[in-house]
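S.K.: pasted the sequence and its predicted model underneath.
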Amino acid sequence: MGEVSRGARALVICPDIRGIRYDLDAASRLAEAEGLALAIGIIVAESLILPVREVRPNLLFGAGQVENIRIACEQNEAELVVVDGALSPIQQRNLEEKLARKVIDRTGLILEIFGERAATAEGRLQVELAHLDYQQSRLVRSWTHLERQRGGFGFLGGPGETQIEADRRMIRQRMGRLRKELEQVRKTRGLHRERRERAPWPVIALVGYTNAGKSTLFNRLTGAGVMAEDLLFATLDPTMRAITLPGVEKAILSDTVGFISDLPTQLVAAFRATLEEVTAADIICHVRDISNASSAAQKAQVLDVLRDLGVIEGEGEVSAIPIIEIWNKWDQLEADDAEELASLAAADESVVPLSALTGDGVEELLATLGDMLTRKAAFRTYEIPASDGRKIAWLYAHGDVVDDVAAEAAEKGPTRKISVRLNPKELGQFETLDW
Ligand SMILES: Nc1nc2c(ncn2[C@@H]2O[C@H](COP(=O)(O)OP(=O)(O)OP(=O)(O)O)[C@@H](O)[C@H]2O)c(=O)[nH]1
Ligand SMILES: [Mg+2]
């Protein structure tokens, strides 16, 4: 973590640029930006929304606005300005000059948080890579500080302008090394996952917007002490634990990194790799903070990421992996809202209302998950060599065979086309067992 940031007093500014279609309204964006600042211990001295009618390439804001920001900084004794948007390197440098203060944008802020939180080897490598990528584009100024490699890249000034070329080369070399290391770590993780896939246990992944309550729910279901806090991005690295469900002796529950709108492009790849686990899940639990005014926009963001990961195909919500929505923080709803939402939830069997905090609704969730995992929901048709008696016998023993016809495949000779209903566990077993 950069020494200046923790405990630094900051002005948080949310530009509201005309012509941009934002997913969240300005007030929600501002609240989220304050949350991001708090997440790395910045003291928000004041926060404001600034309408931008026309983007100035050199400053983003108009000259008058910049002067107002400067005055607000002085009045609030703010040493740092956080702009909840993307600043070009030029805009950032000019703003810093005009304001005589450190300025960071949303990407810089999120990178700082990720830098502080990433705990696994892979997470650290990904974040460092993302950070270097961001720095590389910003080497117009002199704040790179390659000695302090992880965590606090950001706020302190670094070597002088003459260092830029050397820094650039160092960054390139370091990025190359990191990529190689990452590849190695991923190979190992891939092997682990393969091994786990072969283990006949279904995997349930908790996904959702940051601060929705995934880790709180994870802890409630597993009794584990995963860090759950009122902090954005409290969890960065996936965590797994075994749980027992009605009718299911053992399932693996996986807690994941929270999503956020406008994730810095540098972090998208890192983020996606962390979420790869999700694509191997048997059930996805989409945890939503249903008490949040931005709940619907947050849901849209989460669905976009799932679409990105290839879990959801096309424009709708049709998913290759069954998704249930957990309407969390039910305890925080006003009575009127609770009543209205309860009737919506009752009409939709993929919705489970609950409070991870109080535990209300958790039994129902466990029952739903148990039921989903034991239900024979998957329908598959396999063409199996007629001589492969073991596979055929296995399907008859475990699944509900719906159809079984003799066929002929060019290279395999006589085959049987067997259509069968399997539950997710059996499906996983059949497709991954070594025959
Ligand atoms: N009132 C209420 N608060 C909750 C509930 N579930 C979680 N919280 C609170 O919401 C905050 C965020 O919870 P986490 O479990 O850390 O959220 P998360 O989704 O894991 O967040 P990230 O790891 O940042 O993505 C904490 O302060 C929790 O105590 C709930 O059902 N009701
Ligand atoms: Mg968490």
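M.R.: Nice, thanks for sending it over. Residues are numbered from 1 along each chain as shown. Ligands and ions are numbered 1, 2, ... in the order given.

S.K.: per the record, what domains does the chain have?
M.R.: 9-113, 118-190, 199-374, 378-432 (automatic domain parsing).

S.K.: need the ones you listed in CSV with distance to ligand 2, mean pLDDT and mean neighbour count, can you?
M.R.: To be clear about C-beta, it is placed using only N, CA and C from the backbone, and glycine gets the same treatment. Below are the domains of the chain laid out as CSV (distance: least, CB to the ion, whole Å; pLDDT from 0 to 100; neighbours: other CB atoms under 10 Å):
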stretch, distance to ligand 2, mean pLDDT, mean neighbour count
domain 9-113, 12, 93, 18
domain 118-190, 12, 71, 16
domain 199-374, 3, 86, 18
domain 378-432, 25, 88, 15
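
S.K.: where do the helices sit along the stretch 151-300 of the chain?
M.R.: 164-198, 214-222, 265-279, 295-308 (DSSP state H, counting those that start in this stretch).

S.K.: and the first one with helix 265-279, angle?
M.R.: Angle, helix 164-198 to helix 265-279, by axes from the mean of the first three to the mean of the last three CA atoms, to 10 degrees: 10 degrees.

S.K.: with the second one instead?
M.R.: Computed with the same axes, to 10 degrees, the direction of helix 214-222 lies at 20 degrees from that of helix 265-279.

S.K.: what separates helix 214-222 from the chain centre, distance-wise?
M.R.: Between the centre of helix 214-222 and the centre of its chain there are 16 Å (CA atoms, centre = their mean, to the nearest Å).

S.K.: with just CA atoms, put it into CSV.
M.R.: Provided in CSV are the C-alpha atoms of helix 214-222 (Å, rounded to 0.1, in the frame of the first residue of the first chain):
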residue,chain,number,x,y,z
LYS,A,214,-21.1,-13.6,-0.6
SER,A,215,-18.5,-14.1,2.1
THR,A,216,-21.1,-13.7,4.9
LEU,A,217,-23.2,-16.4,3.3
PHE,A,218,-20.1,-18.5,2.7
ASN,A,219,-19.2,-18.3,6.3
ARG,A,220,-22.7,-19.1,7.5
LEU,A,221,-22.9,-22.2,5.2
THR,A,222,-19.4,-23.5,6.0
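
S.K.: which strands or helices does it pack on?
M.R.: strand 203-207, strand 239-245, strand 248-255, strand 283-289, strand 323-328, helix 362-374 (3 or more CB pairs under 8 Å, 6 or more residues apart in numbering; DSSP states H and E).

S.K.: next, format those as CSV and append distance to residue 13.
M.R.: Output for those, formatted as CSV (distance: least, CB to CB, whole Å):
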stretch, distance to residue 13
strand 203-207, 30
strand 239-245, 35
strand 248-255, 33
strand 283-289, 25
strand 323-328, 31
helix 362-374, 40
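
S.K.: to ligand 1, which of those lies closest?
M.R.: strand 323-328 (4.9 Å; CB to the nearest ligand atom).

S.K.: contacts for stretch 44-64 next, please.
M.R.: By CB atoms under 8 Å, 6 or more residues apart in numbering, the surrounding residues in contact with stretch 44-64 are 9-18, 26-27, 30, 33-34, 37-38, 65-66, 69, 72, 76-78, 83, 85, 87-88, 90-91, 94-95, 98.

S.K.: keep only these that also lie close to ligand 1.
M.R.: Contacts with ligand 1 are made by none of the contacts of stretch 44-64, judged by CB under 6 Å from any ligand atom.

S.K.: could you tell me which of the residues you listed belong to helices?
M.R.: Among these, the members falling in helices (DSSP state H) are 26-27, 30, 33-34, 37-38, 65-66, 69, 72, 76, 90-91, 94-95, 98.

S.K.: leaving out sequence neighbours, find the closest residue to the residue of the stretch 151-300 of the chain found nearest ligand 1.
M.R.: Closest approach between the stretch 151-300 of the chain and ligand 1, counting by CB to the nearest ligand atom: residue 258, at 2.2 Å. Leaving out its chain neighbours, the residue that sits closest to residue 258 by CB to CB, 6 or more residues apart in numbering is residue 210, at 2.9 Å.

S.K.: touching, that neighbour and residue 256? I think so.
M.R.: No - contact criterion CB atoms under 8 Å: residue 210 and residue 256 do not qualify, at 10.6 Å.

S.K.: so who does residue 322 touch?
M.R.: 282-284, 350, 372, 377.

S.K.: what separation do you get for it and residue 369?
M.R.: 10 Å (CB to CB, to the nearest Å).

S.K.: do residue 17 as well
M.R.: In terms of CB to CB, residue 17 sits 43 Å off from residue 369.

S.K.: next one: residue 395
M.R.: 25 Å.

S.K.: now swap in residue 335 and tell me
M.R.: Distance, residue 335 to residue 369, using CB to CB: 28 Å.

S.K.: cool, residue 340 as well?
M.R.: In this view, residue 340 and residue 369 are 26 Å apart by CB to CB.

S.K.: likewise residue 112?
M.R.: In terms of CB to CB, residue 112 sits 36 Å off from residue 369.

S.K.: again with residue 107
M.R.: From residue 107 to residue 369 the distance is 37 Å (CB to CB).

S.K.: which residue, other than its chain neighbours, is closest to residue 109?
M.R.: Nearest to residue 109 is residue 36, by CB to CB, 6+ apart, at 5.2 Å.

S.K.: and what of residue 220?
M.R.: Spatial nearest neighbour of residue 220, chain neighbours left out: residue 356 (5.4 Å); criterion: CB to CB, 6+ apart.

S.K.: where does that neighbour land in three-state SS?
M.R.: coil (DSSP: H, G, I helix; E, B strand; the rest coil).

S.K.: residue 46 now?
M.R.: Per three-state DSSP, residue 46 ends up strand.

S.K.: possible to save the helices of the stretch 151-300 of the chain as TSV with distance to residue 42?
M.R.: TSV is the format used below for the helices of the stretch 151-300 of the chain (distance: least, CB to CB, whole Å):
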stretch	distance to residue 42
helix 164-198	26
helix 214-222	22
helix 265-279	19
helix 295-308	23
